[in-house]
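A.B. asks: Got a sequence here, can you build the structure:
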Amino acid sequence: MPQTPQTFKTHVRWLPPFHFFVLPVLLLNFLNAVRHLWVVPSLDTGLGLLVAAALFLLAVLARVMAVTVQDRVIRLEMRLRMDEILAADLRSQAHGLTRQQLVALRFASDAELPGLVRDALAGKFPTEKAIKESIKDWQGDYLRA
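C.D. replies: Predicted coordinates:
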C-alpha cells in the first residue's frame, strides 16, 4: 500500500490505538480511582489509585523511552549524513547543533541541508518548527516510533 507523501502539515505521527484508546482509558481509570478514594477512603482504594497511577505512568514513560531512542538514532543518522554531504568547515561546526535541530533537519533534502545547517548554526531558527517550516523539498520519515 503506497503511503501518502509526507509534508510539514502531515508529518506528525498519531498511533490511534495508543493515543486515542490506551492513554484515554488509563487516564479515565486513574480519575475513577481518585473518585473512589474520595468517596470511600480506604487502604484498598488507595492501593487502587496507586496502581492506576503506575499504569498511566508506565504508558507515558514507554512512549517517552521509544521517542528518546528514536531521537538518538536520528542524531546518529544525521551525523553520518552530514559527514557525507557537508563541506569540511561546516562539518566541524555541525557538532554544535542541538538534538532538536538535528531531528528537525532530518526532513531536509541533501541539496538544501548545508544551507539549513548554516542558518541553524547562525541562530536564524528560534525553534525546530521554524526549521521544518523552512524546508522546501520535504523528505518524509515513514519509520517512526
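A.B. asks: Strands of this protein, residue ranges please.
C.D. replies: With strands called from DSSP state E, the chain shows none.
A.B. asks: A33: neighbour count?
C.D. replies: Neighbourhood size, A33 [other Cβ atoms under 10 Å]: 21. Every C-beta, even on glycine, is put in place using the N, C-alpha and C of the backbone.
A.B. asks: Can you tell me how far it is from A130?
C.D. replies: For A33, the distance to A130 equals 41 Å [Cβ to Cβ, to the nearest Å].
A.B. asks: Point out where this protein drops to low pLDDT.
C.D. replies: 1-3 (pLDDT under 70).
A.B. asks: ok, longest helix in it?
C.D. replies: helix 43-85 (DSSP state H).
A.B. asks: From what I see, D119 and S134 are in contact.
C.D. replies: Yes - the pair D119 / S134 is scored as a contact, 7.4 Å apart, by Cβ atoms under 8 Å.
A.B. asks: Compare neighbour counts for these two and give me the winner.
C.D. replies: Using other Cβ under 10 Å, the more surrounded residue of D119 and S134 is S134, with 17 against 14.
A.B. asks: Would you confirm that that one contacts F125?
C.D. replies: Yes - under the criterion of Cβ under 8 Å, S134 makes contact with F125 at 7.0 Å.
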